[in-house]
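# Everything below, folded, please.
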Amino acid sequence: MTGIKTTGEKKMMFFSGRAHPELAEEVAQQLGVGVVPTKAFDFANGEIYVRYQESARGADCFLIQSHTAPINKWVMEQLIMIDALKRASARSITVIVPFYGYARQDKKHRGREPISARLIADLMKTAGADRILAVDLHTDQIQGFFDGPVDHLFALPLLADYVGAKVDRSKLTVVSPDAGRVRVADRWCDRLGAPLAIVHKRRDKDVANQVTVHEVVGDVKGRICVLVDDMIDTGGTICAAADALFAHGAEDVIVTATHGVLSGPAADRLKNSKVSEFVFTNTLPSASELELDKITVLSIAPTIARAVREVFEDGSVTSLFDEQ
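Got it, this is the predicted structure:
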């Protein structure tokens with residue numbers, strides 16, 4: 001007989017970048033592990049240094065980093081951390097991206113534009129990532145950009161169950177803020193047993209974040225409307241959609257989104273909007289930092305932790321969402 005046989009057990013290690021440490025701690029707590037101590041700082045010229053304080057040799061490593069502002073810095077830090085794990089002889093590297101940066105640049109709208117979402121996936125693969133675990137990607141096709149397994153998690157059960165428990169379901173109407181969200185809104189309808197309405201909008205292709213809302217397709221008069229989207233950035237689209245619903249006789253409007261990007265004028269728009277409640281998950285720290293009374297933040301940590309455990313134990317991530 002030649003060679004050596006070992007009977008070692010699998011080892012999970014959980015790492016976090018500096019972008020959203022609160023979420024990392026929540027996920028680690030749900031898993032019953034600690035976040036691996038990491039030395040990370042910026043040099044005077046902005047370069048990032050990372051070193052792990054424990055050996056990662058032979059471990060199944062899970063690295064969480066949400067692409068919040070300043071997004072380019074945190075993307076770069078995550079790439080450096082992946083590279084450090086690869087050079088530390090990690091057995092496998094799973095990159096957890098609660099909010100996937102550049103996801104809106106997933107196709108060319110006009111000539112001479114980049115497909116930046118694909119570039120992010122290529123960078124992660126080149127750095128050494130074996131698997132990506134993300135929450136509510138802007139479009140499903142992004143899963144195909146990464147040359148490896150992608151586990152796509154959904155916040156729909158968390159958000160829909162919260163809304164369903166708050167309102168009179170007999171008066172509830174699920175509203176898609178545009179044609180692109182109709183499939184997601186349809187899944188909300190199935191879960192809550194509510195009818196569907198759609199807000200038709202048109203963007204100015206030459207002005208970023210500029211939206212003109214035209215009409216509402218569906219009956220919303222006297223109804224409690226829940227607007228569902230994957231992210232809210234400046235708030236222009238969703239607040240205009242809410243105004244259109246109120247103009248068509250809606251009794252109340254609740255807005256839900258997985259990712260509260262909330263940049264620029266978002267805080268003022270949300271504060272001054274007639275919407276009664278904005279419901280986000282904590283994939284990004286932005287929503288909690290605004291501290292507006294009408295903002296509710298639900299934790300996505302249990303969902304991420306369950307998925308991590310399934311991946312580590314060679315289970316099924318899909319089984320977590322079979323009920324949908």
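# what's near enough to touch E277?
Neighbour list for E277: 254-255, 294-296 [criterion: Cβ atoms under 8 Å, 6 or more residues apart in numbering]. Where you see a C-beta, it was placed from the backbone N, CA and C, and this is true even at glycine.
# Please repeat the previous calculation with a cut-off of 6 Å.
With contact set as Cβ atoms under 6 Å, 6 or more residues apart in numbering, E277 has these partners: 254, 294.
# What's opposite it in the beta bridge?
E277 has the following beta-bridge partners by DSSP bridges: I254.
# can you check the one 4 residues further on too?
Beta-bridge partners recorded for T281 (DSSP bridges): L298.
# is it true that it touches A257?
No: contact criterion Cβ atoms under 6 Å: T281 and A257 do not qualify, at 8.3 Å.
# Following element in sequence after the lowest-mean-pLDDT helix or strand in the chain, please.
Sorting the helices and strands of the chain by mean pLDDT, DSSP states H and E puts strand 211-217 at the bottom, at a mean of 72. Once the chain leaves strand 211-217, the next helix or strand it forms, by DSSP states H and E, is strand 224-232.
# Now do that following strand: which elements does it pack against?
On a contact count with 3 or more Cβ pairs under 6 Å, 6 or more residues apart in numbering; DSSP states H and E, strand 224-232 meets strand 172-176, helix 236-247, strand 252-260.
# So which other helices or strands are in contact with the first one?
Spelled out, it's strand 172-176. Under the contact rule (3+ Cβ pairs under 6 Å, 6+ apart), strand 172-176 is packed against helix 182-192, strand 196-203, strand 224-232.
# Paired strands for it, with orientation please.
For strand 172-176, the pairing partners within the sheet under DSSP bridges are strand 196-203 (parallel), strand 224-232 (parallel).
# and the ones you listed, which one's lowest on average pLDDT?
Among those, strand 196-203 carries the lowest mean pLDDT, at a mean of 82.
# Contacts only, for the residue nearest the centre of the chain.
For the chain, the residue nearest the mean C-alpha position is F99 (3.6 Å; Cα atoms, centre = their mean). When contacts are counted by Cβ under 6 Å, 6+ apart, F99 touches 66-67, 259, 283-284.
# Show the pLDDT at it.
98.
# With the one 4 residues further on instead?
What the model reports as pLDDT for A103 is 96.
# In terms of helix, strand or coil, where does it fall?
Reducing the assignment at A103 to three states with DSSP: H, G, I helix; E, B strand; the rest coil gives coil.
# And the one 10 residues further on, by the same measure?
Using three-state DSSP, the secondary structure recorded for E113 is coil.
# same check, this time on the one 5 residues further on
Counting by three-state DSSP, the backbone at R118 sits in helix.
# Just list the residues touching it, thanks.
So R118 contacts F145 (Cβ under 6 Å, 6+ apart).
# Which pLDDT value goes with it?
Note on R118: pLDDT of 97.
# what about stretch 61-77, average pLDDT?
97.
# Might one say that A194 is in contact with L172?
Yes: A194 is within contact range of L172, at 4.3 Å (criterion: Cβ under 6 Å).
# For the nearest residue in space to D252 that is not next to it in sequence, give the beta-bridge partners.
Leaving out its chain neighbours, the residue that sits closest to D252 by Cβ to Cβ, 6 or more residues apart in numbering is I224, at 4.8 Å. Note on I224: beta-bridge partners L172, D252, judged by DSSP bridges.
# Relative to V199, how far out is I224?
I224 sits 16 Å away from V199, going by Cβ to Cβ, to the nearest Å.
# send the alpha carbons of the longest helix out of those in the chain over as PDB?
Secondary structure assigned by DSSP state H gives helix 71-87 as the longest helix of the chain. The C-alpha atoms that make up helix 71-87 are tabulated as PDB, following Å, rounded to 0.1, in the frame of the first residue of the first chain:
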ATOM      1  CA  ILE A  71     -18.800  50.100  -3.100                       C
ATOM      2  CA  ASN A  72     -15.500  50.000  -5.000                       C
ATOM      3  CA  LYS A  73     -13.500  49.800  -1.700                       C
ATOM      4  CA  TRP A  74     -15.500  46.900  -0.300                       C
ATOM      5  CA  VAL A  75     -15.400  45.000  -3.600                       C
ATOM      6  CA  MET A  76     -11.700  45.300  -3.700                       C
ATOM      7  CA  GLU A  77     -11.300  44.300   0.000                       C
ATOM      8  CA  GLN A  78     -13.400  41.200  -0.700                       C
ATOM      9  CA  LEU A  79     -11.200  40.200  -3.700                       C
ATOM     10  CA  ILE A  80      -8.100  40.700  -1.500                       C
ATOM     11  CA  MET A  81      -9.600  38.500   1.200                       C
ATOM     12  CA  ILE A  82     -10.400  35.800  -1.300                       C
ATOM     13  CA  ASP A  83      -6.900  35.900  -2.600                       C
ATOM     14  CA  ALA A  84      -5.500  35.600   1.000                       C
ATOM     15  CA  LEU A  85      -7.700  32.500   1.600                       C
ATOM     16  CA  LYS A  86      -6.500  30.900  -1.600                       C
ATOM     17  CA  ARG A  87      -2.900  31.500  -0.700                       C
END
